[in-house]
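> Okay, here's the prediction I keep looking at, along with the sequence it came from:
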Amino acid sequence: MKLGLQLGYWGAQPPQGTGELVAAAEESGFDAVFAAEAWGSDAFTPLAWWGRETSRVRLGTSIVQMSGRTPASIAMHTLTLDHLSGGRVVLGMGVSGPQVVEGWYGQPFSKPLARTREVVSIVRQVLAREAPVTNDGPHHPLPYRGEGATGLGKPLKPIVHPLRADVPIWLGAEGPKNVAQTAEIADGWIPIFYTPRSAAMYQPWLDEGFAREGARRTRADFEIAATCHLQVVRDAAEKAQVLDAMRPFVSLYMGGMGAKEANFHNQVFVRMGYEDLAREVQELYLGGEKDKATALIPDELVDDMHIIGTAGEVRERVAQWEETGVTTLMLSCRSPEEVRAVAELLA
């Protein structure tokens, strides 16, 4: 199992010390560095900026929001960065949610699975550069022939010859249909809240996708890149403090992300067996009682979602994650020293 450094997306200001983190990951044997985007910083620019000082680590987006750019634009960003990095890009994409897609990007959210399939098809056509790019689907028609069209649009191939036709495409997916489609059309999967305890829930969905006619990968060469917080502690008392510190993040995703009618993260917890808890946490959180919502999150859930323990316990837990099929652990590290310590512990 490989290690990835998750840089995430920026807060109110650009983060400090990121260049040193990336350098430590490169030196310590991490396989990849990932950047994210929400409705602030984008995912490609940080990889271009900090990745220029690296020569080995893969540069991944986790994730690019598909509604933020046309499929051809996503492919152009990927093509460009892949050339600049010498063929080290991993393109991670996802549909986000209706609040962001319609509220921030001004795009319709309907039919997210069909949209995803079209985006992946167009990106692959651009990178293959075998013929002018076309798409007959209703969501991203190429050439465009809809309202306001001049009728002058023509299929094109990229001017630049892509460095690789097979840039890995990983998809963020949460629900059964989306996970199955990901196994069918993508090279990898970026799950959220994937844990050893919940891993069995996903296996039939993945198997359904692998079994479809024309599936791109098999379980043997399909990547699963799971995100968690990893921290070595001295004893049970310190572990309890770390669990307390992580609890607000769980309640945020369970109760405060997305609209009440469409919180896909909340639905993941429901599928994990926390239906009553997820409903109560969401009601409290959306009602402004965030502290009460956070207090309801049990230690066992936080512990299952992350890898926290003594050095020996961490090694055992990492092995458990690997046994479930995880090929990359995406970790958020706070300092170069932490990056190096994690790499040494798991070498």
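Great, that's in hand.
> need the next SSE after the one helix or strand A278 maps to, C-terminal direction.
Taking DSSP states H and E as the criterion, A278 maps to helix 275-286. Counting by DSSP H and E, the next helix or strand C-terminal to helix 275-286 is helix 290-295.
> Where does I308 sit: helix, strand or coil?
Using DSSP: H, G, I helix; E, B strand; the rest coil, the structure places I308 in strand.
> That one bridge partners, please.
Following DSSP bridges, I308 is listed with bridge partners Q231.
> That one: neighbour count?
Other residues within reach of I308, judged by other C-beta atoms under 10 Å, total 24. (C-beta placed from N, C-alpha, C; glycine too.)
> And the pLDDT for the residue nearest to K177 when sequence neighbours are not counted?
Nearest residue to K177, sequence neighbours excluded (C-beta to C-beta, 6 or more residues apart in numbering): L113, at 6.0 Å. On the pLDDT scale, L113 is placed at 97.
> I'd say L113 and Q181 touch.
Yes: taking contacts as C-beta atoms under 8 Å, L113 lies within contact range of Q181: 5.6 Å.
> Which one's more surrounded, those two?
Using other C-beta under 10 Å, the more surrounded residue of L113 and Q181 is Q181, with 23 against 15.
> which residues sit in contact with that one?
Shown in contact with Q181 (C-beta atoms under 8 Å, 6 or more residues apart in numbering): 113, 116-117, 171, 173, 209.
> returning to that earlier point: could you say which helix or strand contains the residue nearest to K177?
Going by DSSP H and E, L113 is part of helix 112-128.
> I'd like the next helix or strand past that helix.
Using DSSP H and E, the helix or strand that follows helix 112-128 in sequence is strand 169-172.
> Output the contacting helices and strands for that next one.
In terms of contacts (3 or more C-beta pairs under 8 Å, 6 or more residues apart in numbering; DSSP states H and E), strand 169-172 is packed against strand 89-94, helix 112-128, helix 176-185, strand 188-190.
> Phi first, then psi, for the residue sitting nearest the centre point of the chain.
Nearest to the mean C-alpha position of the chain, counting by C-alpha atoms, centre = their mean, stands S62 at 3.7 Å. S62 adopts backbone torsions of phi -140, psi 80, taken as degrees, to the nearest 10.
> which residues touch it?
Counting by C-beta under 8 Å, 6+ apart, S62 touches 6, 34-36, 43, 92, 170, 172, 190, 225, 227, 330.
> For G312, find the nearest of the helices and strands packed on strand 169-172.
Proximity to G312 (C-beta to C-beta) singles out strand 188-190 among the helices and strands packed on strand 169-172, at 28.8 Å.
> Quick check, pLDDT for the residue nearest to the centre of the chain.
Note on S62: pLDDT of 95.
> Make sure H306 is actually in contact with V233.
No: in this structure H306 lies outside contact range of V233 using C-beta under 8 Å: 11.4 Å.
> Since that was my last question, I'll sign off now.
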